[in-house]
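Enquirer: Need coordinates for the following:
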Amino acid sequence: MELKKIIIVLSITIAIAIAIMFGASYAWYAYKNAETNISGGTIKKTPTIIFSQTEYISLKQTLPIKDNDRYNYANKNSFTITIDKNLEDYEKGIEISLININMADELKIANYKYELLQNNIKVANGDFSNIGSNKSLIIMPMTKLSPATYPTTYSYELLIWLSDDESNQNTLMNKGFSAKISINSAIKK
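Expert: The predicted structure follows:
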């Protein structure tokens with residue numbers, strides 16, 4: 001009977017020791033992987049973004065437009081970004097991109113263009129010839145905004161059009177394009 005008690009006590013002791021060993025190992029692993037080097041606190045202030053129509057672009061028809069007529073006839077998406085007084089003491093950056101791009105392969109050419117205007121001044125332009133199978137495209141890389149006064153509102157207009165090159169572009173007409181405008185902001189003290 002005495003031997004059975006010793007075996008039971010040793011079994012329980014070994015089980016507890018193994019559980020403690022696994023617990024300590026997991027705690028050390030979790031601590032090392034959760035370690036971060038973030039200095040400062042979380043900033044919960046962000047610029048205000050308002051879309052005039054919607055952040056979604058959906059074009060079912062594609063018609064050639066002369067480049068000098070793009071301001072009158074190209075697809076336009078307008079939005080504003082307001083930097084409020086509560087962001088005055090921070091460095092502010094904005095990145096504008098298109099995500100979830102779905103477009104006909106025929107439109108992945110140099111004549112299918114975009115242009116981004118900030119307060120009626122061109123800040124970015126390009127085409128979709130190098131998009132390949134990507135589903136996103138950075139229109140304006142992270143750009144620092146330094147308003148002189150607060151609050152300051154920046155007006156943006158994104159134009160997308162098929163540039164008329166005087167050739168037969170009938171095969172490009174009625175091709176679809178859709179995407180979502182994504183605006184990322186970075187705030188740093």
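Enquirer: could you pull out the helices for the chain?
Expert: 2-34, 70-73 (DSSP state H).
Enquirer: Packing partners of the helix or strand bottoming out on mean pLDDT in the chain?
Expert: Every helix and strand in the chain was compared by mean pLDDT, DSSP states H and E; the lowest is helix 2-34, with a mean of 79. Under the contact criterion of 3 or more Cβ pairs under 8 Å, 6 or more residues apart in numbering; DSSP states H and E, helix 2-34 touches no helix or strand at all. All C-beta spots, glycine's among them, are computed from the backbone N, C-alpha and C.
Enquirer: need the contact list for the spatially most central residue of the chain.
Expert: Central residue of the chain (Cα atoms, centre = their mean): Ser182, 4.8 Å from the mean position. Going by Cβ atoms under 8 Å, 6 or more residues apart in numbering, Ser182 touches Glu55, Ile96, Ser97, Leu98, Ile99, Ser136.
Enquirer: For PyMOL, write the selection for the buried entries among those.
Expert: To isolate the buried members of the contacts of Ser182 in PyMOL, using 16 or more other Cβ atoms under 10 Å:
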select buried, resi 96+97+98
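Enquirer: now the contacts of Ser182 as a markdown table including distance to Asn77?
Expert: As requested, the contacts of Ser182 are exported to a markdown table (distance: Cβ to Cβ, whole Å):
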| residue | distance to Asn77 |
| --- | --- |
| Glu55 | 7 |
| Ile96 | 11 |
| Ser97 | 13 |
| Leu98 | 10 |
| Ile99 | 13 |
| Ser136 | 16 |
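Enquirer: these two touch, right, Glu157 and Ser78?
Expert: Yes. Between Glu157 and Ser78 there is a contact under Cβ atoms under 8 Å: 5.0 Å.
Enquirer: one step back: pick the most buried one from the helices of the chain.
Expert: helix 70-73 (a mean of 14; mean count of other Cβ atoms under 10 Å).
Enquirer: average pLDDT across that helix?
Expert: The average pLDDT for helix 70-73 rounds to 93.
Enquirer: which outside residues touch it?
Expert: Residues contacting helix 70-73 (Cβ under 8 Å, 6+ apart): Ile65, Lys113, Glu115, Leu159, Trp161.
Enquirer: Pick the one among the contacts of Ser182 closest to Ser129.
Expert: Proximity of the contacts of Ser182 to Ser129 (Cβ to Cβ) peaks at Leu98, which lies at 14.6 Å.
Enquirer: hey, what's that closest one bridged with?
Expert: On the basis of DSSP bridges, Leu98 takes part in beta bridges with Leu137, Ile181.
Enquirer: In the sheet, which residues pair with Thr143? Tell me.
Expert: In this entry, Thr143 is beta-bridged to Ile94, by DSSP bridges.
Enquirer: What ranges in the protein fall below the confidence cut-off?
Expert: Low-confidence segments of the chain (pLDDT under 70): 1, 30-44.
Enquirer: All good on my end, thank you.
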